[in-house]
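[1] Here you go, sequence then predicted model.
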Amino acid sequence: MIEGLAAIYIFMLAGFTGYEIISKVPVILHTPLMSGSNFVHGIVLVGAMVALGIAETTAEQVIGFIAVLLGAGNAVGGYVVTERMLEMFRPSEKKTEGEGS
């Protein structure tokens, strides 16, 4: 019982600390920060695949499979968001007169 409460406390503390740290990051650094977090998502995905690989019971296999799906979605989503953020910094192509009308 105490171990479960300690785990919940650590989870809440990590969430609060992460929110406080991220909220103080300047806007210009969000893209590099996102790229770094994509690296972490990849490590989480590898960990989920390892956990799925050593799972023995059906419940462990189901949880491992869900972890792999969510980890993959998180990693892919991070790269999509990073790509969209980088689009904002690319120079836009100006239309010449006579185009588009």
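    Cool, the structure landed.

[2] which secondary structure elements does the lowest-mean-pLDDT helix or strand in the chain contact?
    Of all helical and strand segments in the chain, the minimum by mean pLDDT, DSSP states H and E falls on helix 30-53, at a mean of 80. With contacts defined as 3 or more Cβ pairs under 8 Å, 6 or more residues apart in numbering; DSSP states H and E, helix 30-53 has these neighbours: helix 58-87. The way it works is simple: take the backbone N, C-alpha and C, and place the C-beta from them, glycine included.

[3] and the helix it packs on, which residues are buried?
    Applying a neighbour-count criterion of 16 or more other Cβ atoms under 10 Å, one finds Gly64, Ala67, Val68, Gly71, Ala72, Asn74, Ala75, Gly78, Thr82 buried in helix 58-87.

[4] list the helices and strands it packs on?
    Against helix 58-87 (3+ Cβ pairs under 8 Å, 6+ apart) you get helix 30-53.

[5] Glu93: what's it in contact with?
    By Cβ atoms under 8 Å, 6 or more residues apart in numbering, Glu93 lies in contact with nothing.

[6] and if you look at Phe11?
    Neighbours of Phe11 in contact, by Cβ under 8 Å, 6+ apart: none.

[7] Check it and give its pLDDT.
    pLDDT recorded at Phe11 is 86.

[8] Please report how far it lies from Met49.
    Distance from Phe11 to Met49, counting by Cβ to Cβ, to the nearest Å: 23 Å.

[9] and if you look at Pro91?
    From Pro91 to Met49 the distance is 40 Å (Cβ to Cβ).

[10] Kind regards, and thank you for your time.
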